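**Q** coords please:
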Amino acid sequence: MAYETILFDEADGIAVITLNRPAVMNALNTKMRAEITGAVTRAATSARVIVLTGTGRAFCSGQDLGDRAGGDFDLEKTLAEEYEPMLRAILAAEVPVIAAVNGAAAGAGANLALAADVVIATESASFIQAFTRIGLIPDAGGTYVLPRAIGMAKAMGAALFADKVSARQAADWGMIWEAVPDADFEAQWRVRAAQLAKGPTAAYARVKLALRASLSNDIEAQLALEARLQGECGRTEDFSEGVNAFLEKRPARFEGR
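**A** Reported below is the predicted structural model:
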């Protein structure tokens, strides 16, 4: 399949989706949002891990403010019809999704990254909730993710002041998984992606489901969900392989989906 705004590569169970509008710092326009949605949906059925990254000096600078489709922005419609399907595709993927943030992630670009299961950023990268700079509120899931990831005080400050948050600071806050020296960045995210691609995919899908459900479940509901999902894991070939590998003192070879 040919794409205009992204690059797509899949090998060894790893699908890499690269935002590819470097002249505008990979800003999101209608075409790119549709292509990301389609590529993630495609990869979720064939790959064992998905990686989102960018070309050039930015991961994603957010909404392309020049993409007005001949008139004023209908922001509510754009969010409902273009952003939400993209974010839902990422959240619904049953395989792990890594955001490999290679540079600046601003506005909706920051929240696109934070929609991934794991965020690995180069140390020179930054995250900016830039919305108030143009009279808006954080969107693309930002008002949901940020308070849960870093607490209300930091989320409120990040949203109100629209300050740049360095990758190292984001890692210290718990906003992202890790910040990696620039020279080691690509090698590190590829190692992490390969690790997940060789892992127990069925268990990963249920880890994602359980952790996300915990944000709205009470303890009784969460314990019941854990028991149900663990029962499902216990009936997989991956569980049998994991136990046998442990007993035989060898690396497990997980091949299920």
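**Q** mind listing what residue 5 touches?
**A** Each residue near residue 5 by CB atoms under 8 Å, 6 or more residues apart in numbering is listed here: 19-21, 29, 31-32, 35. For the C-beta atoms, the positions are set from N, CA and C on the backbone; glycine is no exception.
**Q** How about residue 233?
**A** Contacts of residue 233 by CB under 8 Å, 6+ apart are 200, 202-203, 206, 239.
**Q** Which secondary structure element is home to it?
**A** Assigned by DSSP states H and E, residue 233 belongs to helix 219-234.
**Q** Show me what the next helix or strand after that helix packs onto, helices and strands only.
**A** Next helix or strand after helix 219-234 toward the C-terminus (DSSP H and E): helix 237-247. Counting contacts by 3 or more CB pairs under 8 Å, 6 or more residues apart in numbering; DSSP states H and E, helix 237-247 packs against helix 201-213.
**Q** cutoff 10 Å now
**A** Helix 237-247 sits against helix 201-213, helix 219-234, with contacts defined as 3 or more CB pairs under 10 Å, 6 or more residues apart in numbering; DSSP states H and E.
**Q** hang on, the earlier thing: who wins on neighbours among the contacts of residue 5?
**A** Of all the contacts of residue 5, residue 19 has the most neighbours under the rule other CB atoms under 10 Å, reaching 27 neighbours.
**Q** For the helix holding residue 233, give the mean pLDDT please.
**A** On average, the pLDDT along helix 219-234 is 96.
**Q** can you pull the buried residues of it?
**A** Judged by neighbour count (16 or more other CB atoms under 10 Å), helix 219-234 contains these buried residues: 222, 225, 229, 233.
**Q** Need the helices and strands packed on helix 237-247 in TSV (columns: distance to residue 82).
**A** Shown next, in TSV, are the helices and strands packed on helix 237-247 (distance: least, CB to CB, whole Å):
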stretch	distance to residue 82
helix 201-213	22
helix 219-234	32
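**Q** and residue 135, which of those is closest to it?
**A** helix 201-213 (31.3 Å; CB to CB).
**Q** Skipping its backbone neighbours, what lies nearest residue 3 in space?
**A** residue 35 (5.1 Å; CB to CB, 6 or more residues apart in numbering).
**Q** how far away is residue 157 from residue 119?
**A** Using CB to CB, to the nearest Å, residue 157 is found at 19 Å from residue 119.
**Q** ugh, typo on my part, it should be residue 255
**A** If you go by CB to CB, the gap between residue 255 and residue 119 works out to 27 Å.
**Q** hang on, the earlier thing: pull the most distant pair out of the buried residues of helix 219-234.
**A** Farthest pair in these, by CB to CB: 222 and 233, 16.0 Å.
**Q** next structured bit after the lowest-mean-pLDDT helix or strand in the chain?
**A** For the chain, the helix or strand with the lowest mean confidence is helix 75-78, at a mean of 92 (criterion: mean pLDDT, DSSP states H and E). The helix or strand immediately downstream of helix 75-78 is helix 84-92, counting by DSSP H and E.
**Q** Strand partners (parallel or antiparallel) of the helix or strand following that following helix?
**A** Once the chain leaves helix 84-92, the next helix or strand it forms, by DSSP H and E, is strand 97-101. Partner strands for strand 97-101, per DSSP bridges, with pairing direction: strand 49-54 (parallel), strand 118-122 (parallel).
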